[in-house]
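Engineer: prediction below, plus the sequence it came from.
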Amino acid sequence: MKLPRRFFQPLATGAPAPFRELPVKLERMIHFVPPHNDKVRARVPELAATVDVVLGNLEDAVPVDQKEAARKGFVAMAQATDFAASGTGLWTRINALNSPWILDDLFEIVSQVGDKLDVVMVPKVEGPWDIHYIDQLLAQLEAKHGVKKPILVHAILETAEGVANVDAIASASPRMHGMSLGPADLAASRGMKTTRVGGGHPDYRVIADPTQDGAARASAQQDLWHYTIAKMVDACMANGLKAFYGPFGDFSDGDACEAQFRNAFLMGCAGAWTLHPNQVAIAKRVFAPDPAEVAFAVRIVEAMPDGTGAVMLDGKMQDDATWKQAKVIVDLARLVAEKDPELAKTYGLK
Ligand SMILES: CCC(=O)SCCNC(=O)CCNC(=O)[C@H](O)C(C)(C)COP(=O)(O)OP(=O)(O)OC[C@H]1O[C@@H](n2cnc3c(N)ncnc32)[C@H](O)[C@@H]1OP(=O)(O)O
Ligand SMILES: O=CC(=O)O
Ligand SMILES: [Mg+2]
């Protein structure tokens, strides 16, 4: 384990110093773009203004014979669009550490568009050793190519070993931005018996005891992902990182996507992946606080200007802890309001 005073030192001579605090950004959705698809890539300049993060995906979902085209397509789309102008983040998901593409992914992307890249998403992270490797390599590449701003790292939590090591992954480097739950790979890694990408499963339920009269027994579906999301959120928040829900695969079921996103939001996640344009509006709806909740949160903050004491509002006790809860909601509402004039009006924040 490094000494705290060495934790923030750049890992290569000439590399930018790591951030002490994460830049504060609204990241309601990480929108996945297949960069080898010319038609979708051509829409990126227009798309960039409508989402918080555009991610060029190089890993799973890109056929093997299109890996190089995807990498080149990502570089082209990064060069063609001014993401910073709309405050949109530019991320890429690189191939896995044990794949034949990862070195070229990082070498070509950092050398050509390193200064435009905000975050590298790393799939199938198993433990802190994976982060240390990427951290060192990025520092060397940043130094070699004169990159001015540190490129952050976002881990996908999608293997059983990764979940077992989630705390160590979260605290592995000051380069860590956050983590996303990858329910598809995680289900396979754990031997879960489902072919779904995220969401619930009708067979995962609890059932009430039998009754004397033999009446039908009540039964309710449970949340397959509760444990993992809670574990990921705790690991992230304990280390000042952001947690995200990952993909929801059934594009035809907006209600189920919304329910999955909302559970993640309530549990502490900052956003989710959007894989299809029809999931963007869902993410915008979910990952912004409810106006009525914001109005109540404002009343709590105003009732205790220094954040201490105990007061009653509408019959509900408020104190230092509920003030902090309210602050989470008001701070997020302010961030959303900066980007969304309609919601800004609805929130009516001063
Ligand atoms: C499960 C574990 C994981 O790793 S998830 C992350 C990896 N998967 C991905 O990145 C998939 C990203 N999405 C896609 O590639 C496409 O949405 C796929 C799945 C191929 C479906 O596309 P398609 O058959 O064209 O759908 P569609 O006809 O309903 O599309 C309607 C219009 O929207 C476009 N579109 C589609 N996806 C995107 C996207 N991600 N970003 C921007 N635009 C997209 C389509 O091109 C289509 O446009 P048009 O109406 O034909 O002009
Ligand atoms: O990469 C995401 C997943 O669910 O697997
Ligand atoms: Mg995956």
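Structural biologist: Perfect, thanks for sending it. Numbers count the residues shown, from 1 in each chain. Ligands and ions are numbered 1, 2, ... in the order given.

Engineer: quick check: which helices or strands does whichever strand or helix holds Asp234 pack against?
Structural biologist: According to DSSP states H and E, Asp234 maps onto helix 226-238. Applying 3 or more Cβ pairs under 8 Å, 6 or more residues apart in numbering; DSSP states H and E, we find helix 226-238 packed against helix 166-170, strand 176-181, strand 242-245, helix 254-267. C-beta: built from backbone N, CA, C; applies to glycine.

Engineer: the first one packs against which elements?
Structural biologist: Identification of packing neighbours for helix 166-170 by 3+ Cβ pairs under 8 Å, 6+ apart yields helix 128-144, strand 152-157, strand 176-181, helix 226-238.

Engineer: which residues sit against the last one?
Structural biologist: Spelled out, that is helix 226-238. Residues from elsewhere that reach helix 226-238 (Cβ atoms under 8 Å, 6 or more residues apart in numbering): 157, 163, 166-167, 169-170, 178-179, 181, 186, 241-243, 245, 263-264, 267-269.

Engineer: do a quick rundown of the strands in the stretch 251-350 of the chain.
Structural biologist: 271-274, 310-313, 316-319 (DSSP state E, counting those that start in this stretch).

Engineer: please convert these to JSON lines, extending it with distance to ligand 2 and mean pLDDT.
Structural biologist: Putting those into JSON lines (distance: least, Cβ to the nearest ligand atom, whole Å; pLDDT from 0 to 100) gives the following:
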{"stretch": "strand 271-274", "distance to ligand 2": "8", "mean pLDDT": "98"}
{"stretch": "strand 310-313", "distance to ligand 2": "41", "mean pLDDT": "98"}
{"stretch": "strand 316-319", "distance to ligand 2": "39", "mean pLDDT": "98"}
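
Engineer: any chance of those in JSON lines, with mean neighbour count too?
Structural biologist: Listed next are the strands of the stretch 251-350 of the chain as JSON lines, based on neighbours: other Cβ atoms under 10 Å:
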{"stretch": "strand 271-274", "mean neighbour count": "26"}
{"stretch": "strand 310-313", "mean neighbour count": "12"}
{"stretch": "strand 316-319", "mean neighbour count": "14"}
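
Engineer: can the ones you listed go into TSV with extra columns for distance to Leu103?
Structural biologist: Converted to TSV, the strands of the stretch 251-350 of the chain look like this (distance: least, Cβ to Cβ, whole Å):
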stretch	distance to Leu103
strand 271-274	25
strand 310-313	57
strand 316-319	54
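
Engineer: kindly report the residues of the stretch 201-350 of the chain close to ligand 1.
Structural biologist: Applying Cβ under 6 Å from any ligand atom, we find that the stretch 201-350 of the chain lies next to ligand 1 at 247, 249, 275-277.

Engineer: quick check on those: which are buried?
Structural biologist: Among those, the ones that count as buried by 16 or more other Cβ atoms under 10 Å are 247, 275.

Engineer: okay, Thr13: pLDDT?
Structural biologist: Per-residue pLDDT puts Thr13 at 98.

Engineer: for it, which non-adjacent residue is spatially closest?
Structural biologist: Ala143 (6.2 Å; Cβ to Cβ, 6 or more residues apart in numbering).
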